[in-house]
Structure formats: structure tokens, C-alpha cells
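1. Below are the sequence and a predicted model for it; my questions follow.
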Amino acid sequence: MYAIPLAVIVFIAVIAVAWSPLPALIIAVPAFLIFLVYVGMKPRADEKIEPPTGTAGKYEDDTPKGAWGEPRG
């Protein structure tokens, strides 16, 4: 999924290193940071899951419970 953008960054870095090390830093570092921002802004796979439809599940009541779930009385 990220192979093409990463390959482009590597290609740019190789060309920049062949040219001179200083332009390599000037070109490759911002390109890599842009890639990291691109990856960080995309939603994760588990964020795309929609909640199940249908009846709601059974929930416990709101009575106070002890540390192990025993009813307080």
C-alpha cells in the first residue's frame, strides 16, 4: 500500500545522493517527513468498521459493586 510513495522517496534520495550530500538532506528529509504525515493522517483499518446493527446487548445495572463484582449491601 505504501510501496509506491516509499519507492518514490528512495528514488529521489538516490538521485540526490548522486548529485551531492547536502541537496540529499534538503530533498530527502522533507520528502520522508511528508510521507510520515501522509501515513499518519490515513485512518487505521479498525476505524473503518461500522458498529453492528440490531438489538442492543444486555448490560449490567448501575448498582455499586465491589472490586471483584460482588454486590455491595
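-> Received, thanks.

2. Which parts of this protein are strands?
-> Applying DSSP state E to the chain gives no strands.

3. helices and strands around the longest helix along it, which ones?
-> Secondary structure of the chain per DSSP state H: the longest helix is helix 21-41. Counting contacts by 3 or more Cβ pairs under 8 Å, 6 or more residues apart in numbering; DSSP states H and E, helix 21-41 packs against helix 3-19. Just so you know, the C-beta spots here come from the backbone N, C-alpha and C atoms, and that holds for glycine as well.

4. hey, C-alpha coordinates of the helix it packs on in PDB?
-> Extracted C-alpha coordinates of helix 3-19, given in PDB (Å, rounded to 0.1, in the frame of the first residue of the first chain):
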ATOM      1  CA  ALA A   3       5.300   0.800  -1.600                       C
ATOM      2  CA  ILE A   4       4.900   3.400  -4.400                       C
ATOM      3  CA  PRO A   5       5.300   6.600  -2.200                       C
ATOM      4  CA  LEU A   6       8.200   5.000  -0.400                       C
ATOM      5  CA  ALA A   7       9.800   3.900  -3.700                       C
ATOM      6  CA  VAL A   8       9.500   7.500  -5.000                       C
ATOM      7  CA  ILE A   9      11.200   8.800  -1.900                       C
ATOM      8  CA  VAL A  10      14.000   6.300  -2.200                       C
ATOM      9  CA  PHE A  11      14.400   7.200  -5.900                       C
ATOM     10  CA  ILE A  12      14.600  10.900  -5.100                       C
ATOM     11  CA  ALA A  13      17.100  10.200  -2.300                       C
ATOM     12  CA  VAL A  14      19.300   8.100  -4.700                       C
ATOM     13  CA  ILE A  15      19.300  10.900  -7.300                       C
ATOM     14  CA  ALA A  16      20.100  13.500  -4.600                       C
ATOM     15  CA  VAL A  17      22.900  11.500  -3.100                       C
ATOM     16  CA  ALA A  18      24.500  11.000  -6.600                       C
ATOM     17  CA  TRP A  19      24.200  14.800  -7.000                       C
END
